[in-house]
Structures are given as C-alpha cells and as structure tokens.
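1. the sequence and its predicted three-dimensional model are supplied below.
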Amino acid sequence: MPDIRLAEATGAPPRSPRRHLLSISDLTRGDIERILDTARALASSLDRDVKKLPTLRGRTVINLFYESSTRTLSSFELAAKRLSADTMSLRSSGSSVDKGESLKDTALTLAAYDPDVIVIRHPSIGAPQLVARLTGAHVVNAGDGKHQHPTQALLDLFTMREAFDRLDGLHVAIVGDVLHSRVARSLLEALALVGARTTLVGPPTLMPREIEALGCAVSFDIDAIRDADVVYALRMQSERMEAGAAFVPSLREYASRWGITPERVRPGQIVMHPGPMNRGVEIDPRVADSDAARITTQVRSGLVVRMAVLYDLLTTGPAAVPTAIETRPPLEVA
Ligand code: NCD
C-alpha cells in the first residue's frame, strides 16, 4: 500500500520536482504499483456521499484537447475537481486554434496562468513533449497520435487487477486495429512491465511490423483469444487510416472474422474496450452488455487512476528526492 495517512489535510502541499507522464516508458514497475495502490485507496472515497478530497486545493489543472474525447476529458476534469484542484478544459474547436493559433502559442498562453498540470491530447506524436519544453507545468499525455496513451494503460491495469487480484502472469489478448492504436502500444508496454503476457490478435494488415520485438506474441487467428484471461477489443481507428487504403475488405467481413462475439468468449474471461465502441464491428452488442464486459468498470477506474496520477505527480518526488515521502500531504480517504 502507498504511504497514505488518513488524516485531515492542512493546506496546499509543497511543490514537488517537475515530472511528466508522457509515455509508459517514464514509469518503473514500482511507479505503476504505487499509482494503482493510490487509486485503490481513492476508490473508497467514491462510495461516500461527499466525494471531494482537499488534497490538491490551490492547484490548477488545465486540459488541452485537440482531438475529440468523452471519457478521457471528463475523467481528468472530474479527477481534478474531486481532489479540490481548480480545473479548466480547452478544446481546439471553439478556441483560437480555430483561428490558426499554433500549439506553441496556445501553450505559451496557458503557461502565463502558471498551471501546475497541463493534460494534453493531440493528433501529432510528440506534442506533449513540446508542451513540457515550453511550459513550467507537469505534463500528462492524454493521447498523442498513434503513439501513447499512458493513463488509459494504467486504468486498464487497475481494472484487470481488480478483476483477478493480480497482474503478474495474467494473459491478455489485444484484438483488432493494433496498427493505429496508441492504446495497444501503451498497454502492451505496461503489461510487460508488470509481468503479464500479451498476445496481439488481428489481420496482418492491421499489425505493425516487428511488433514482437516489444516482447509480445502475435497471432493472425481469432481462436488465439481462447487462452487469454482478458480479451481486449480495440476500436477500428478509421480516422487514422489513410484515405483509399484498404486495411480490411469491409466492416461486415471484419466483424465476422475478428469481432468479439458470445461464441468466442469462454467462461471466466473478462472483455474490455477503451471506448468509444463500434457495436457490431469489433464487439458484438451481446458481449458489450454481458457480465463478462468490464467497459463501464474501466470508466470508473479512469476516474480514480487519473486522481492517483495527479496526486502522484504533484506530491511525490522521484526516488532521488529523499524527503519526498515526508513532504507528501496526507490523503484523507476515511
Ligand atoms: C481511445 C483513444 O482516444 O485513444 N479512447 C479513449 O481514450 N478512451 C481509444 C480510441 O479512440 O479508440
């Protein structure tokens, strides 16, 4: 369990050294376990009538989203609010981005408010790194192109750990459009870090070449999902497919060959999906609505895991800062 004292918080915590969550490779196994343990402790606060904790009072979290989002944006916003931080969300449409303002100028504008955290989602790989260079904020990557989406991987690990009570030795089949998926890339790295086994399953046209080098197995046969504890369906990322390129013959054929149908799920397995789902394409509605599905559980996990990430970035120093533990503010969850 993390170092959490069940006491009254006494005001804004001292500033911690600036750290970012740009990629799963920023984390060690210990970091992941600490964040998941903090999220577990925070989950109990969600069952109370009064859900707000005073932990990040006086802190500012800005969400800067250049791509559409329902779950990620709402959960970051709510996570900051539940920890009593001030938060605001800026979407590219309706802001000066519509008028041609560059990411650099938007980032410099927001930096003038001296926010503690900037959470950014952007279609270009590396946009979060740019914001980290230009501003003094802790930066969290909420998805950059098809590169990384680290908090999604953390919330998925949390969901799996809650379901099976372990991650070490768990077998996860990630199914579908791996080629365009930042979720798959982040998740398979995170699974390797915590000692779980991954098999990527899908058509060769949607499988990145030499992805096995990341330490996972690859199968072009949907029956390979039978061996897994977790069946993780990916959304077909049509918006990232170059126009005219035929990655699958048709969505109908894709659904019949690779869709997660009731016949393909065996008892004891859980089924996950990051959302938004294309019901009837990568996942059969009967599976999405079944007891095996953990899709709304993932959304709930997203809230506590993002609370834990904000808490961790703003209050925990890296191991190199020996006073970090003593300077962490108490987290009142009782
Ligand atoms: C994912 C994303 O945007 O990368 N969704 C999410 O964050 N919940 C996956 C997707 O869009 O397919």
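-> Great, that's in hand.

2. ok, and the closest non-adjacent residue to the most centrally placed residue in the chain?
-> Central residue check for the chain by Cα atoms, centre = their mean: the C-alpha nearest the mean position is that of residue 152, 1.4 Å away. Using Cβ to Cβ, 6 or more residues apart in numbering and skipping the chain neighbours, the partner closest in space to residue 152 is residue 183 (5.2 Å). For glycine as for every other residue, the C-beta is placed from the backbone atoms N, C-alpha and C.

3. equivalent analysis for residue 26, please.
-> Of all residues not flanking residue 26 in the chain, residue 20 sits nearest, at 6.7 Å (Cβ to Cβ, 6+ apart).

4. ok, and does the host helix or strand of the residue nearest to the centre of the chain reach over to the ligand?
-> Per DSSP states H and E, residue 152 falls inside helix 150-164. Yes - residues of helix 150-164 are located near the ligand by Cβ under 6 Å from any ligand atom, namely residue 152.

5. CA atoms only for that helix, dumped as PDB, please.
-> C-alpha atoms of helix 150-164 as PDB (Å, rounded to 0.1, in the frame of the first residue of the first chain):
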ATOM      1  CA  PRO A 150      -0.400   6.100 -20.700                       C
ATOM      2  CA  THR A 151      -3.300   6.800 -18.400                       C
ATOM      3  CA  GLN A 152      -5.500   4.500 -20.400                       C
ATOM      4  CA  ALA A 153      -3.000   1.700 -19.900                       C
ATOM      5  CA  LEU A 154      -2.900   2.400 -16.100                       C
ATOM      6  CA  LEU A 155      -6.700   2.400 -15.800                       C
ATOM      7  CA  ASP A 156      -6.800  -0.900 -17.800                       C
ATOM      8  CA  LEU A 157      -4.200  -2.400 -15.500                       C
ATOM      9  CA  PHE A 158      -6.200  -1.200 -12.500                       C
ATOM     10  CA  THR A 159      -9.400  -2.800 -13.900                       C
ATOM     11  CA  MET A 160      -7.600  -6.100 -14.600                       C
ATOM     12  CA  ARG A 161      -6.000  -6.200 -11.100                       C
ATOM     13  CA  GLU A 162      -9.400  -5.600  -9.500                       C
ATOM     14  CA  ALA A 163     -10.900  -8.500 -11.500                       C
ATOM     15  CA  PHE A 164      -8.100 -11.100 -11.000                       C
END
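
6. right, and the helix or strand after that helix?
-> Note on helix 150-164: by DSSP H and E, the next helix or strand toward the C-terminus is strand 171-175.

7. could you spell out the sheet neighbours of that following strand, each with its direction?
-> Partners of strand 171-175 in the sheet, by DSSP bridges, are strand 197-201 (parallel), strand 230-233 (parallel).

8. before we move on, back to that, mind listing what's buried in the helix holding residue 152?
-> For helix 150-164, the neighbour count (16 or more other Cβ atoms under 10 Å) marks 150-162 as buried.

9. starting at the chain centroid, how far to that helix?
-> Its chain's C-alpha centre and that of helix 150-164 lie 9 Å apart, by Cα atoms, centre = their mean, to the nearest Å.

10. same for that helix, what does it pack against?
-> Contact analysis of helix 150-164 by 3 or more Cβ pairs under 8 Å, 6 or more residues apart in numbering; DSSP states H and E lists helix 29-43, strand 138-144, helix 182-193, strand 230-233, strand 270-272, helix 295-315 as its packing neighbours.

11. right, and residue 292 touches residue 265 too?
-> Yes - between residue 292 and residue 265 there is a contact under Cβ atoms under 8 Å: 5.6 Å.

12. which neighbours do the two share?
-> Overlap of the contact sets of residue 292 and residue 265 (by Cβ atoms under 8 Å, 6 or more residues apart in numbering) consists of residue 271.

13. which residues of this structure lie near the ligand?
-> For the chain, the residues in contact with the ligand (Cβ under 6 Å from any ligand atom) are 71-72, 143, 149, 152, 182-183, 235, 237, 274-275.

14. for these, which one is nearest residue 98?
-> Taking Cβ to Cβ as the measure, residue 98 sits nearest to residue 143 out of the residues of the chain next to the ligand, at 20.3 Å.
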